[in-house]
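> Prediction below, plus the sequence it came from.
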Amino acid sequence: MTHLLILDRDGVINEDSDAYIKSAAEWRPIPGSLEAIARFNRAGYTVVVASNQSGIGRRLFSLRALGSIHARMRRELAETGGRIDAIFFCPHHPEAGCTCRKPQAGMFREIGERFQVDLQGVPAVGDSHRDLLAARSAGASPILVLTGKGKKAADTARAEGVPVFANLAAVADALLGH
């Protein structure tokens, strides 16, 4: 049986920025996150990214720039023995009214269809309330990390019964055992 894990990107895998991550040079992994993904891979998980990338819709960076960011992420992950099996992203401006932008569940539903998996119980790690809402409305099991913007959402997450962890490495410890 294949286990699926859905991760937000900014604030979960890499450092977030209010000014957006606009180039590969600006992409910086959160300490321990790449190693955590490699641990999930070794445990048989299919790891998928689901990320809002409205910087494209806001014309702050291009699809080509996003591709080079993801190429750097995949390269650095490969150096730790890990991989991401697929990257899903919403390129739309927040006012575009799309169904893929979190907190909508469109991206999650697309992941379920692509991998032919019912998302019930699939762990989905994010650092914002909208990540948790998207996961829950798709039937996945939301998990909050305190990296990125996570501290802002922690009280709400705990009140909603969402597990809260310091970072992705702590999520790996909890789900995989030390």
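All right, it came through fine.
> Could you verify my assumption that residue 11 touches residue 152?
No - assessed by Cβ atoms under 8 Å, residue 11 is found out of contact with residue 152, at 10.3 Å. C-beta coordinates here come from the backbone N, C-alpha and C atoms, glycine included.
> Pull up the overlap in contacts between those two.
Residues touching both residue 11 and residue 152 (Cβ atoms under 8 Å, 6 or more residues apart in numbering) are residue 128.
> and those two? which has more neighbours close in?
A count of neighbours by other Cβ atoms under 10 Å puts residue 11 above the other of residue 11 and residue 152, at 22 against 13.
> Tell me which residues touch residue 103, please.
129-131, 133-134, 137.
> Show me which of those is closest to residue 110.
Ranked by distance to residue 110 (Cβ to Cβ), the contacts of residue 103 are led by residue 134 at 11.5 Å.
> nearest spatial neighbour of the closest one, skipping sequence neighbours?
residue 102 (3.9 Å; Cβ to Cβ, 6 or more residues apart in numbering).
> Wait, that neighbour touches residue 88, no?
No - the pair residue 102 / residue 88 is not scored as a contact, 10.6 Å apart, by Cβ under 8 Å.
> Overlap in contacts, these two.
Going by Cβ under 8 Å, 6+ apart, residues that sit against residue 102 and also against residue 88 are residue 50.
> Compare these two (neighbour count), which wins?
Higher neighbour count among residue 102 and residue 88: residue 102, with 24 against 16, using other Cβ under 10 Å.
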